[in-house]
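In: No letters, just coordinates:
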């Protein structure tokens, strides 16, 4: 694998990380919660799509469309029941709550689905393995292109919603000052519930693509959380386009590491993440207080 | 007609009993100036009326409806708006966006983006600027304009001139005076006694969470307000305000 191909494959891999990370970034940007169950919620989406596909035989993409409303409802209920209460307990309580939720979800998956590993790659035909071969060293995978398009569409949609709609303005206002938001008539709890619903739905989309691209099991969530978290930190907390950049940087780092030695793939990603923590960043990727 | 009625209101900050049994009634089109030293309980009183701080005891009624347990965002829809101390604009939203978010959830009425910009012309050239990038005087104008966008029945304004340059205070009061002249119902917290007395029909001095003095502005002298402000007992207490004697007690001195 030459370096150009590694970078191209890294961009596609990074698209998956960005897709995974945008929900994490959204919840942090609006509510100041680091959702430690985000990776497991993505795996929940993957399992739901797998179940629908397995039972009905329909395409995973159509199954995803059916699962999305369920994920929205899960997110809404999660905020209204668990997170809203834990938010009242200070900043540490939501962290512990989502950590506990992560453990509950993983054990729930084990109980319901057994420890078996699944993949949806075989359900999408040549999309999962096919590619356009440009040169002997460079190929463009079909699935990678779909992932990149979906990631840009989801992040672009979120960006448009935040910047150009009345709901987005209310979300940004609540993110900046929830008490004052109440004083202009904005119900912060309802805004939070919608934000979590959207974030969990995006996690579901990412989970489905993870299941199509590779394999997943009950314990896959924490690793996905780490990649998502690294993408968010590299790109700058609270910045959606920064999250896309962060995901791509992480993906490219991993694929370049893999060209040196396949064992270095994950390690290289972590090293870039550590580098991002210690190197002063330019304004565009610096952490923000809230979505703006 | 009484629009806002507060009865025996109590509020605490932990162990600190910040508001201790304050009662007041506000008629439509009336302006009440709340004065008092720092820490006397004025801000807590306004925040409790607006629903941003929980009431320990007592009642808040708006247009005769008990709203004591109604959340702040629902009080806005019923017609209660607070301009909080320190303006508290959404710093990374533009001035226009600050107005838009308030206009969406409030009541329908005469106040729209155009009418508030007419009332506060200083805002017109800066609507696209982020709220964090405008001057203190412009921020205060934007904060009042934002509250007006909810078309309130009662407007509560906390510390109009705090932290503003004299020229900015003049500009804000110029617009505010026009607003008050148009028949708005306002409770105004103001440290500047001259300003407070010049724009209000009634004044209430709060001392250590109690009403130390309440009277119609024409019936009271600056010395009497100053005496109540510092908790000095005075032999020349003003007569209680007609029509509000049951709720606005004319008393001078610490309880």
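Out: Yep, that arrived. Computed from a prediction, not measured in an experiment: that's the story for all the values here.
In: Residue of the stretch 1-150 of chain B closest to chain A, please.
Out: Nearest residue of the stretch 1-150 of chain B to chain A: residue B:105, at 3.0 Å (Cβ to the nearest Cβ). Every C-beta, even on glycine, is put in place using the N, C-alpha and C of the backbone.
In: helices and strands of chain A: which one bottoms out on pLDDT?
Out: One helix or strand of chain A scores below all others by mean pLDDT, DSSP states H and E: strand A:131-133, with a mean of 87.
In: tell me how far that one is from the chain's mean position?
Out: Strand A:131-133 sits 27 Å away from the centroid of its parent chain (Cα atoms, centre = their mean, to the nearest Å).
In: Walk me through which strands it pairs with, and which way each runs.
Out: According to DSSP bridges, strand A:131-133 forms sheet pairs with strand A:139-141 (antiparallel).
In: helices or strands next to the helix or strand following the strand it pairs with in the packing?
Out: Per DSSP states H and E, the first helix or strand lying C-terminal to strand A:139-141 is helix A:142-164. Contacts defined by 3 or more Cβ pairs under 8 Å, 6 or more residues apart in numbering or on different chains; DSSP states H and E place helix A:142-164 against helix A:3-31, strand A:131-133, helix A:166-176, helix A:188-213, helix A:240-260.
In: Burial check on the residue of the stretch 51-200 of chain A found nearest chain B, number of neighbours?
Out: The stretch 51-200 of chain A approaches chain B most closely through residue A:185 (3.0 Å), counting by Cβ to the nearest Cβ. Neighbours of residue A:185 under the rule other Cβ atoms under 10 Å in any protein chain shown: 24.
In: Phi first, then psi, for the closest residue to it other than its chain neighbours.
Out: Nearest non-adjacent residue to residue A:185, counting by Cβ to Cβ, 6 or more residues apart in numbering or on different chains: residue B:105, 3.0 Å away. The phi/psi pair for residue B:105 (degrees, to the nearest 10) reads phi -100, psi -10.
In: Chain neighbours aside, what residue packs nearest to residue B:17?
Out: residue B:209 (6.1 Å).
In: Quick one: the helices and strands packed on helix A:142-164 as CSV, columns for mean neighbour count too.
Out: Output for the helices and strands packed on helix A:142-164, formatted as CSV (neighbours: other Cβ atoms under 10 Å in any protein chain shown):
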stretch, mean neighbour count
helix A:3-31, 25
strand A:131-133, 12
helix A:166-176, 22
helix A:188-213, 25
helix A:240-260, 24
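In: Would you indicate which residues of stretch B:9-27 are buried?
Out: The neighbour-count check on stretch B:9-27 (16 or more other Cβ atoms under 10 Å in any protein chain shown) flags B:9-12, B:17-20, B:22-26 as buried.
In: Strands - which of these land there?
Out: Judged by DSSP state E, the buried residues of stretch B:9-27 include B:9-12, B:17-20, B:22-26 as members of strands.
In: Could you pull up phi and psi at the residue of the stretch 51-200 of chain A closest to chain B?
Out: Backbone geometry at residue A:185, expressed as degrees, to the nearest 10, gives phi 100, psi 10.
In: and if you look at residue B:62?
Out: Main-chain dihedrals, residue B:62, degrees, to the nearest 10: phi -120, psi 120.
In: what number of residues lie near it?
Out: Using other Cβ under 10 Å, residue B:62 has 22 neighbouring residues.
In: okay but it is in contact with residue B:79, surely?
Out: Yes: judged on Cβ atoms under 8 Å, residue B:62 makes contact with residue B:79 at a distance of 6.3 Å.
In: Find residues that contact each of these two.
Out: Both residue B:62 and residue B:79 are in contact with B:153-154, where contact means Cβ atoms under 8 Å, 6 or more residues apart in numbering or on different chains.
In: Count the residues that sit near the residue nearest to residue A:185.
Out: The burial count for residue B:105: 20, using other Cβ under 10 Å.
In: what sits against it?
Out: Counting by Cβ under 8 Å, 6+ apart, residue B:105 has contacts A:184-186, B:73, B:76-77, B:150.
In: In a markdown table, list these along with pLDDT and secondary structure.
Out: Output for the contacts of residue B:105, formatted as a markdown table (pLDDT from 0 to 100; DSSP: H, G, I helix; E, B strand; the rest coil):
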| residue | pLDDT | secondary structure |
| --- | --- | --- |
| A:184 | 94 | coil |
| A:185 | 93 | coil |
| A:186 | 94 | coil |
| B:73 | 94 | helix |
| B:76 | 94 | helix |
| B:77 | 93 | helix |
| B:150 | 92 | coil |
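In: So for stretch A:226-244, first residue to last residue, what's the gap.
Out: End-to-end distance for stretch A:226-244: 15 Å, by Cα to Cα, to the nearest Å.
In: next one: stretch A:80-98
Out: End-to-end span of stretch A:80-98 (Cα to Cα): 14 Å.
In: what's near enough to touch the residue nearest to residue B:17?
Out: B:17-22, B:40-41, B:44.
In: quick one, phi/psi of it?
Out: Residue torsions, per degrees, to the nearest 10, at residue B:209 are phi 80, psi 0.
In: so what's it scoring on pLDDT?
Out: Looking at residue B:209, its pLDDT reads 89.
In: any idea how far it lies from residue B:45?
Out: 8 Å (Cβ to Cβ, to the nearest Å).
In: between these two, what contacts are shared?
Out: Common contact partners of residue B:209 and residue B:45 (Cβ under 8 Å, 6+ apart): B:19, B:22.
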